[in-house]
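A.B. asks: This is the structure alone, sequence omitted:
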């Protein structure tokens, strides 16, 4: 009897992609939309396609390579420094985004990369990234409904 994995390899690749986006954003003090837009679809596709390779490497080196290649300059956005409570890891936030992006891609019948760009550039992204609010640990279906309605419900 063969056990099925809880998630597909591509789900894990999306999780890594979202975690790396958050890691780069924290490292460069930029909003997640700035990072996604600077990386561009080609690099996002590269990260997503090669996530199984990149995750074997040091995340600092991988992030430095993409920061340099995409010419991501340091910003002033510091949601980690502004947090008054327990700070979620870049992997915690990556999981939130992965679930939302996967649902958006499926329901809107668009590619995962198009969904990445769309979600990180939507109104919900700053809400998820406000660690002084409760949005990032809300139920995934609630986050998706807010995204769909373009407002907090």
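C.D. replies: All right, it came through fine. Keep in mind it's a predicted model, so treat the numbers as computed, not measured.
A.B. asks: show me the contacts for the residue nearest in space to the middle of the chain.
C.D. replies: Residue closest to the mean C-alpha point of the chain, counted by Cα atoms, centre = their mean, is residue 18 at 2.9 Å. Neighbour list for residue 18: 93, 94, 95, 97, 98, 101, 116 [criterion: Cβ atoms under 8 Å, 6 or more residues apart in numbering]. Where C-beta positions appear, they are placed from N, C-alpha and C, glycine not excepted.
A.B. asks: ok, now how distant is residue 146 from residue 119?
C.D. replies: Per Cβ to Cβ, to the nearest Å, residue 146 is found 12 Å from residue 119.
A.B. asks: Name the residue in those two with the higher neighbour count.
C.D. replies: residue 119 (25 against 20; other Cβ atoms under 10 Å).
A.B. asks: mind checking which helix or strand the residue nearest to the more buried one when sequence neighbours are not counted is in?
C.D. replies: Closest residue in space to residue 119, ignoring its immediate chain neighbours: residue 101 at 5.1 Å, by Cβ to Cβ, 6 or more residues apart in numbering. Here residue 101 sits within helix 90-108, counting by DSSP states H and E.
A.B. asks: helices or strands next to whichever helix or strand comes after that helix in the packing?
C.D. replies: Tracing the chain past helix 90-108, the next element assigned as helix or strand by DSSP H and E is helix 112-120. Contact partners of helix 112-120 among helices and strands, from 3 or more Cβ pairs under 8 Å, 6 or more residues apart in numbering; DSSP states H and E: helix 9-28, helix 32-49, helix 90-108.
A.B. asks: and these as TSV, adding mean pLDDT and distance to residue 80?
C.D. replies: Listed next are these as TSV, based on pLDDT from 0 to 100; distance: least, Cβ to Cβ, whole Å:
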stretch	mean pLDDT	distance to residue 80
helix 9-28	97	6
helix 32-49	98	12
helix 90-108	98	10
